[in-house]
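Undergrad: below is the structure, and that's it, no one-letter string:
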């Protein structure tokens, strides 16, 4: 059976995906979050996230602010689960979205799944691949969230050369840098330690994939690339609020704007592109937090220019891994 046939069959069999809700709880060890997504009566996904306590984090936040931040994280989390069966209708049962917000999410999902559609040989259009139906349509006004350290920067660390260069550039020119790591592993831990930080200095986000999704993948459901950097972007908004640091400095370089498949708009790195970054900043300004500053510190640089800067910091040579294929095992795949 072709993937196109699977796609069409799944959409007929499973017509609706429901973003049912989210829960969060502050405990002594940190902030615990659970999202609930459903497809039909029998398929339920409940992915979790956890932000461990740190001396510089304040979990005593207004409920309205946490609700808004975590609801939107769920909106970007859901696409990883939607793609298994690709239901044509997405019901957002736990929040409101106006027409502009719906357009933002459809554009992000469609472009962020460009590689997924291409590698699986699935023909889809932005108009018909998904209908987003929110519980309410009343727009939310943006809020100015709590900001304590306007001259500090959160720097997401991926374990490769790019984020190391951002970390070094900002450490030498700013009043303060806090590394941020999602799901720490060998290379990310090694890089922050080489920079002189301990893990107690690092804002950590632990994110888990619900095992039901892995079961479905093993049973032949659809699988492929999702916009990870977009998910990270929404998690950094929560990190910024908890830390009081409004500046989030990414390490996306110039080539992230280029299509991966020549002659098309398909881009493996869509959620690292300037187009997404611009859309994201506008969305955050209009609906979430008009005091947040999310940008890429390396946007004007080429891969070669970044490598040139990285080469001046030999303390990272033995610990960094610019290799997606080997990242989970903390090794170079050597291809």
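TA: It's in. The model shown is predicted, which means the values in this text are computed figures rather than measured ones. Numbering: from 1, shown residues only.
Undergrad: all strands of this structure, in order?
TA: Along the chain, the segments classed as strands by DSSP state E run 16-27, 30-39, 43-45, 48-52, 89-96, 131-136, 152-156, 176-182, 203-208, 247-250, 293-296.
Undergrad: Serialize those to TSV and add fields for mean neighbour count, distance to residue 6 and mean pLDDT.
TA: Any C-beta I mention is one placed from the backbone N, CA and C, and that applies to glycine too. Shown next, in TSV, are the strands of the chain (neighbours: other CB atoms under 10 Å; distance: least, CB to CB, whole Å; pLDDT from 0 to 100):
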stretch	mean neighbour count	distance to residue 6	mean pLDDT
strand 16-27	17	16	98
strand 30-39	20	15	98
strand 43-45	19	16	98
strand 48-52	18	28	98
strand 89-96	18	18	96
strand 131-136	15	20	95
strand 152-156	23	35	96
strand 176-182	21	30	96
strand 203-208	18	26	98
strand 247-250	23	35	96
strand 293-296	18	36	94
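Undergrad: want to throw the ones you listed into CSV with distance to residue 281?
TA: Formatted as CSV, those follow (distance: least, CB to CB, whole Å):
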stretch, distance to residue 281
strand 16-27, 24
strand 30-39, 24
strand 43-45, 29
strand 48-52, 23
strand 89-96, 21
strand 131-136, 21
strand 152-156, 15
strand 176-182, 18
strand 203-208, 21
strand 247-250, 10
strand 293-296, 6
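Undergrad: of these, which approaches residue 220 most closely?
TA: Evaluated over these, closeness to residue 220 peaks at strand 43-45, with 14.4 Å, by CB to CB.
Undergrad: so what touches that closest one?
TA: Strand 43-45 has contacts (CB atoms under 8 Å, 6 or more residues apart in numbering) with 14, 35, 36, 37, 38, 81, 85, 210, 212, 213, 216.
Undergrad: dump the residue contacts of the fifth one.
TA: Residues counted as contacts of residue 38 (CB under 8 Å, 6+ apart) are 17, 18, 20, 44, 45.
Undergrad: show me what it is bridged to.
TA: Counting by DSSP bridges, residue 38 forms beta bridges with residue 18, residue 44.
Undergrad: which residues touch the residue nearest the centre of the chain?
TA: Nearest residue to the geometric centre of the chain (CA atoms, centre = their mean): residue 231, 1.6 Å. Residues in contact with residue 231 (CB under 8 Å, 6+ apart) are 73, 76, 77, 80, 271.
Undergrad: and the end-to-end length of stretch 36-53?
TA: Terminal residues of stretch 36-53 lie 24 Å apart, using CA to CA, to the nearest Å.
Undergrad: for the lengthiest helix in the chain, list every residue counted as buried.
TA: In the chain, assigned by DSSP state H, the helix with the most residues is helix 63-82. In terms of neighbour count (16 or more other CB atoms under 10 Å), helix 63-82 has its buried residues at 65-66, 68-82.
Undergrad: ok, back up a step: closest to residue 173 out of the contacts of strand 43-45?
TA: Nearest to residue 173 out of the contacts of strand 43-45 is residue 35 (CB to CB; 37.7 Å).
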